[in-house]
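K.L.:
Okay, sequence plus prediction incoming.
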Amino acid sequence: MPRHIVCLTFDFDTQSGFIARGMTTPTPLSRGEFGLVGARRILALLKSFGLRATWFVPGFTIESHPRACEAVVQEGHEVAHHSWAHVPPAQQSREEEEADLVRANEAITRLTGRKPRGYRSASWDLSESTVDLLIAHGFMYDSSMMGGDYLPYRARRGDRVELGKPFGFGEETALIEMPISWSLDDYPHFEFVRTATTVLPGLHSARTVMENWLDEFRYMQQTVDWGVLTYTMHPYVIGRGYRMLALEGLVKDLQRAGAVFMTMEDAAKEAQERMFTS
Ligand SMILES: [Zn+2]
């Protein structure tokens, strides 16, 4: 029997990403604050469809907006790790990264009563230490890399990379990678971001993006008997009205097409059973 899994994932950053980038004037902060409005809308949408999702919640959001995070837990969703301060690991020393990892673990454990099983890095940029740290701290899965699309795989450590030399694969670890893609993330499609040196235009048609996202599911159905498709969204991005309508349409289309919705933790467990244990 073919089985095609969809993970709806929400990175509940609120103001953390703006603060991590030094955008601390009132308007960017308010842009992140809109995530509280978006989160309420997303929770209502998920409830109306009876779906459980995975929320990657920075420790910052848990400690700044406890009631909004308690609502996520009360609705039965998975809360997974998304750093404390939303600083990309690639910009941190190993010590800084581990301290932030532990602090966020403690915030999640206080919120949910259990340690998170899954991790997604801020801005999807792991350091050379991240995989080792995740294993050392008991994580089952990571969702920050792009080496596949429908099939989870084992995260590696110690890849050998040197300019002018062939790529050397490092050893596979027990950590399950639940792959992601910028094309399946709401942020680059929708957010208008202007800095001194760059402009991210964003503001694309929500329906067009959802058509692309549905085609990813259709292609998964055509090409594999079993697979996991992960969509990444941010409450302050997808929570705008016309995007919520488009997301509702996508969920209906996915249901009609036979998608099996589950949390990423459950999908990673299924991947572990199917792919990694003989
Ligand atoms: Zn984030």
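P.N.:
Nice, thanks for sending it over.
K.L.:
Which residue comes closest to residue 275 once chain neighbours are left out?
P.N.:
Residue nearest to residue 275 in three dimensions, not counting chain neighbours: residue 152, with 6.7 Å by Cβ to Cβ, 6 or more residues apart in numbering. C-beta coordinates here come from the backbone N, C-alpha and C atoms, glycine included.
K.L.:
Surely the one you found and residue 175 touch.
P.N.:
No. In this structure, residue 152 is not within contact of residue 175 by Cβ atoms under 8 Å, at 10.4 Å.
K.L.:
how far away is residue 41 from residue 34?
P.N.:
11 Å (Cβ to Cβ, to the nearest Å).
K.L.:
joint contacts of those two?
P.N.:
Jointly contacting residue 41 and residue 34 under the rule Cβ atoms under 8 Å, 6 or more residues apart in numbering are 235, 239.
K.L.:
confidence score at the residue nearest to residue 87 when sequence neighbours are not counted?
P.N.:
Among residues not flanking residue 87 along the chain, residue 20 sits closest, at 5.0 Å (Cβ to Cβ, 6+ apart). On pLDDT, residue 20 comes in at 96.
K.L.:
you'd agree residue 20 is up against residue 122?
P.N.:
Yes. Taking Cβ under 8 Å as the definition, residue 20 is a contact partner of residue 122 at 6.8 Å.
K.L.:
shared neighbours, the two?
P.N.:
In contact with both residue 20 and residue 122: 86, 87, 88, using Cβ under 8 Å, 6+ apart.
K.L.:
Compare these and tell me which has the most neighbours.
P.N.:
Most neighbours among the shared contacts of residue 20 and residue 122, by other Cβ atoms under 10 Å: residue 86, with 26 neighbours.
K.L.:
how much space between that one and residue 151?
P.N.:
29 Å.
K.L.:
Same question for residue 8.
P.N.:
For residue 8 relative to residue 151 (Cβ to Cβ), the value is 19 Å.
K.L.:
between the two, which one's more packed in?
P.N.:
Set residue 8 next to residue 151 and count neighbours by other Cβ under 10 Å: residue 8 wins out with 29 against 16.
K.L.:
so what pLDDT did the more buried one get?
P.N.:
Confidence at residue 8, expressed as pLDDT, is 98.
K.L.:
State the three-state secondary structure for it.
P.N.:
Put simply, residue 8 is strand when judged by DSSP: H, G, I helix; E, B strand; the rest coil.
K.L.:
so where is this structure shaky, pLDDT-wise?
P.N.:
276-278 (pLDDT under 70).
K.L.:
okay, which residue of it is out on the far edge from center?
P.N.:
Most distant residue from the mean C-alpha position of the chain: residue 164, 33.4 Å away (Cα atoms, centre = their mean).
K.L.:
before we move on, which element is that one in?
P.N.:
In this structure, residue 164 is located outside every helix and strand according to DSSP states H and E.
K.L.:
How much space separates it from residue 128?
P.N.:
20 Å.
K.L.:
isn't residue 199 right up against residue 191?
P.N.:
No. Here residue 199 lies out of contact with residue 191, judged by Cβ under 8 Å, at a distance of 11.1 Å.
K.L.:
Of those two, give the one with the bigger neighbour count.
P.N.:
Using other Cβ under 10 Å as the criterion, residue 199 and residue 191 rank with residue 191 on top: 15 against 9.
K.L.:
what's the closest non-adjacent residue to that one?
P.N.:
Of all residues not flanking residue 191 in the chain, residue 202 sits nearest, at 4.3 Å (Cβ to Cβ, 6+ apart).
K.L.:
Return the distance of the longest helix along the chain from the chain's centre.
P.N.:
Under DSSP state H, the helix in the chain containing the largest number of residues is helix 26-49. In terms of Cα atoms, centre = their mean, to the nearest Å, the centre of helix 26-49 is set 16 Å apart from its chain centre.
K.L.:
Which parts of that helix count as buried, going by neighbours?
P.N.:
28, 31-36, 38-39, 41-43, 45-46 (16 or more other Cβ atoms under 10 Å).
K.L.:
May I see these organised as a markdown table, with distance to the ion added?
P.N.:
Below are the buried residues of helix 26-49 laid out as a markdown table (distance: Cβ to the ion, whole Å):
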| residue | distance to the ion |
| --- | --- |
| 28 | 14 |
| 31 | 13 |
| 32 | 10 |
| 33 | 15 |
| 34 | 15 |
| 35 | 10 |
| 36 | 15 |
| 38 | 13 |
| 39 | 13 |
| 41 | 18 |
| 42 | 15 |
| 43 | 18 |
| 45 | 20 |
| 46 | 19 |
